[in-house]
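> One predicted model, sequence on top.
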Amino acid sequence: MAGINETLEKMGLDYLDMMIIHSPQPWAKVNQCEDRYVEGNRAAWKALEDAYEAGKLKAIGISNFQIEDIARLLETAKIKPMVNQILLHISNTPMELVEYCRKNNIVVEAYSPIAHGEILNQPEITAIAKKYGVTVPQLCIKYTLQLGAVSLPKTSSPEHMKSNAELDFEISTEDMDLLKNFKKIKSYGDSGVFPVYGGKM
């Protein structure tokens, strides 16, 4: 709660639109240890619930939480997480987690929908994008949207922002199945050092 209040004070705001728990584990330990920090997550969630009820936060959620982490949180939560922000893109589609969130009315937010740019190096994906007459990023963003997720592409280019929003096409059921089962990307390039991409800090 002290952190929430400090953030509001520094930003000069009465409330934030949303705040999330960034990870169920300390960042340097993401997917590196067995400890899922159940009690720590519950305590952090209680602070978010209190801030939400006080009107300081308009939405509260989680990020990088797996099914087990969410289930443990729900055992004591008064308010369900409104979102779970996860790594979700072609070649990394955790459908079981996506379905679990859907069943629990938790919105899935897909970060790195273009696989931190590494998907651009996959000729099979380029071929599918050409089939629809779109760019690879457009195909990737549309893919996450058709999965029912909110897509969070990152770019500093106004031109790319405009292009990313031009999604007036539909990926066929057959191609969606193909993309869901696309081979795993072996490397995230320079971003591979981050724990969420399999690296170690």
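Looks like it came in fine. Numbers count the residues shown, from 1 in each chain.

> what residues are up against the nearest residue to M19 once chain neighbours are set aside?
Computed as CB to CB, 6 or more residues apart in numbering, the closest residue to M19 that is not its neighbour in sequence is L57, at 5.1 Å. Placement of C-beta: from N, CA and C, glycine included. Taking CB atoms under 8 Å, 6 or more residues apart in numbering as the contact definition, L57 lies against I4, Y15, L16, D17, M18, M19, L48, A51.

> Which one of those residues is nearest to V193?
Compare each of the contacts of L57 with V193 using CB to CB and the shortest gap goes to M19, at 26.2 Å.

> isn't N164 right next to V136, touching?
No - using CB atoms under 8 Å, N164 makes no contact with V136, being 11.1 Å away.

> buried residues in the longest helix anywhere in the chain?
With residue count as the measure and DSSP state H as the assignment, the chain has helix 38-53 as its longest helix. With burial defined by 16 or more other CB atoms under 10 Å, the residues of helix 38-53 counted as buried are N41, A44, W45, A47, L48, A51, Y52.

> Give me the contacts around that helix.
Outside of helix 38-53, the residues that reach it under the criterion CB under 8 Å, 6+ apart are 1, 3-4, 19, 21, 24, 57-60, 62, 69, 72-73, 76-79, 81.

> cutoff 7 Å now
With contacts defined as CB atoms under 7 Å, 6 or more residues apart in numbering, helix 38-53 is touched by 1, 4, 19, 21, 24, 57, 60, 69, 72-73, 76-79.

> What of stretch 120-130?
Stretch 120-130 has contacts (CB under 7 Å, 6+ apart) with I90, I119, T135, V136, L139, D175.

> okay, the buried residues of helix 38-53 in a markdown table with pLDDT and distance to S191 next?
Supplementary listing: the buried residues of helix 38-53 in a markdown table, determined by pLDDT from 0 to 100; distance: CB to CB, whole Å:
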| residue | pLDDT | distance to S191 |
| --- | --- | --- |
| N41 | 98 | 25 |
| A44 | 97 | 26 |
| W45 | 98 | 28 |
| A47 | 98 | 30 |
| L48 | 98 | 28 |
| A51 | 98 | 31 |
| Y52 | 98 | 32 |
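
> quick one: D50 and N104, what's the gap?
21 Å (CB to CB, to the nearest Å).

> first vs last residue of stretch 8-20, how far apart are they?
With CA to CA, to the nearest Å applied, stretch 8-20 spans 14 Å between its terminal residues.

> Can you name the residues in contact with that stretch?
Residues external to stretch 8-20 that are found in contact with it (CB under 7 Å, 6+ apart): 4, 48, 55-63, 83, 85.

> follow-up on the earlier one: tell me the one among the contacts of L57 nearest to L179.
Looking across the contacts of L57 and measuring by CB to CB, the closest to L179 is M18, at 28.4 Å.

> where does the closest one fall, phi/psi-wise?
Recorded main-chain torsions at M18 are phi -160, psi 150, according to degrees, to the nearest 10.

> Perfect, I'm done here.
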